[in-house]
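# prediction below, plus the sequence it came from.
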Amino acid sequence: MKTRKITLELRDYLKKPLGQLIRLKEGNRIEILTRVLKKYDPVKIITVGDVITETFLKNNITPDLYIVDGKTLRNEFTSNSIRQYDIKIINKPGTVDSSAWSAIKTCLEKEGKSGLLIEGEEDLLVLPSVILAPLGAVVLYGQPDEGVVIIKVDLETKKMVQKILDLMEESDDE
């Protein structure tokens with residue numbers, strides 16, 4: 001897959017949740033997430049973002065794949081829970097780099113849990129995560145100042161995400 005860049009039109013569109021928005025308060029965060037996960041009964045759990053990953057790991061829930069960049073809201077994020085990475089790649093802000101596709105695919109195909117460290121920005125890696133995840137998986141990411149978005153991976157969500165990817169600009173890897 002070629003590297004894709006976000007367009008101005010898509011930037012506004014992607015500010016809206018791509019799945020179910022779960023509004024969370026600090027005190028009940030993990031109880032709500034646990035209840036929602038039980039309802040979905042996912043075959044795999046994928047988290048994209050440092051805060052959601054940290055929340056899971058602190059509460060002894062290790063995602064099958066977590067994708068982090070060491071930042072939250074463009075500020076440095078230090079975690080005592082996120083320590084292990086299987087792969088480290090570069091993914092420039094506003095892009096889905098071609099190397100991200102193969103890294104996510106590799107992590108999802110391997111046995112056990114995986115961590116992917118991004119130098120740059122991980123936000124848009126929700127998109128290839130949905131495309132590459134098996135049916136029945138869930139992808140979770142933070143919605144700033146609102147809560148967590150959970151995407152149940154099914155054929156409908158894969159088609160929706162593919163349409164978004166098709167609207168992104170293709171670019172050659174640099």
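Arrived safely, thanks for sending. Small disclaimer: the values here were computed from a predicted structure and weren't measured.
# please enumerate the helices of this structure.
8-13, 29-40, 50-58, 98-109, 126-132, 155-167 (DSSP state H).
# would you mind finding the most buried of the ones you listed?
Each of the helices of the chain was given a mean neighbour count from mean count of other CB atoms under 10 Å, and the largest, a mean of 24, is that of helix 126-132. The C-beta positions use only the backbone N, C-alpha and C, and glycine is treated the same way.
# what is it packed up against?
Counting contacts by 3 or more CB pairs under 8 Å, 6 or more residues apart in numbering; DSSP states H and E, the secondary-structure elements packed against helix 126-132 are strand 45-48, helix 98-109, strand 138-143, helix 155-167.
# so what touches the shortest one?
Identification of contacts with strand 45-48 by CB atoms under 8 Å, 6 or more residues apart in numbering yields 37, 53, 56, 61, 63-67, 108, 122-123, 125-126, 129, 133, 137-141.
# quick one: mean pLDDT for it?
Strand 45-48 comes out with an average pLDDT of 96.
# quick one: T106 and I87 touch, right?
Yes. T106 is in contact with I87 according to CB atoms under 8 Å; the separation is 6.7 Å.
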